[in-house]
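**Student:** Predicted coordinates and the sequence they were generated for:
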Amino acid sequence: MWFERDRRGVHSMGLDARGQRRYFAAETIAALEELPPADLIALHEALAELEADVLVEYDPDDTAIDHDEEDEFRMVEPPADIAFPPVTSDFADGFAAHVASVPPRWRIDAAAVAFELVGTLAYPHHVRARKRLSATWRLTARRRRRSRRVRRG
C-alpha cells in the first residue's frame, strides 16, 4: 500500500488469481469453493464493506506522510507474512479479525486480497447466472415475436 504524492488516495497492488492464492491456506480455498453461490456472493459483499472500512482509516491529506518513503512501497506486493491463517467456516469474521491484526501499512492489501480471491471464486457462478438470464430473455423475445406474427396473420 502506498499514498500518492497528489494526495488523492491510497493504492494497493492488485494480484492475479495465482497471486491471490499465495496468501491463503489450501483448506481455506477448498472450503470457499464448497460454498453455495449465494453465500459466496454474500461473503464478497461483506468483504467489500470490510475493504471500505479499512480504507476510511487512511488519511491521504496527513501532513506526516513522507512521500519519499511511500515511493519505496509503490507497486510492491504485500509481504508473505500477511497471509491468512486457515479458515474453514465463519469466513467474514475470520477474515476481518486477520485484517485487523495486520500492520496498518498492509491492512488494505490484506482486505483487498481477500475480496479479490472471493470475487475470483464467485466469477464462474456469475457468468453462469448471466448466461441463464440472457438465454431466458432471448427465449422470451422469440416467443413474443412469434405470438405477434400469429395474431397479425
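**Tutor:** Cool, the structure landed.
**Student:** Per-residue confidence, the residue nearest the centre of the chain, what does it come out as?
**Tutor:** Central residue of the chain (CA atoms, centre = their mean): Phe115, 2.4 Å from the mean position. What the model reports as pLDDT for Phe115 is 94.
**Student:** helix or strand for it, which one?
**Tutor:** Assigning secondary structure by DSSP states H and E places Phe115 in helix 104-152.
**Student:** Check Glu69 too.
**Tutor:** Going by DSSP H and E, Glu69 is in helix 67-71.
**Student:** So for that helix, what gets flagged as buried?
**Tutor:** Residues of helix 67-71 classed as buried by neighbour count (16 or more other CB atoms under 10 Å): Glu70. Backbone N, C-alpha and C define where each C-beta goes, glycine included.
**Student:** which other residues reach it?
**Tutor:** Identification of contacts with helix 67-71 by CB atoms under 8 Å, 6 or more residues apart in numbering yields Trp2, Phe3, Glu4, Arg5.
**Student:** buried stuff in whichever helix or strand comes after that helix?
**Tutor:** Moving toward the C-terminus from helix 67-71, the next helix or strand (DSSP H and E) is helix 91-101. Within helix 91-101, the residues scored as buried using 16+ other CB under 10 Å are Phe91, Ala92, Gly94, Phe95, Ala96, His98, Val99.
**Student:** so what's the last one up against?
**Tutor:** By that I understand Val99. Leu50, Val54, Arg107, Ala110, Ala111, Ala114.
**Student:** what ranges of this protein fall below the confidence cut-off?
**Tutor:** Scanning the chain with the threshold set as pLDDT under 70 gives 7, 125-127, 129-130, 146-153.
**Student:** go with 90
**Tutor:** Within the chain, the segments meeting pLDDT under 90 span 1-20, 55-77, 104-105, 122-153.
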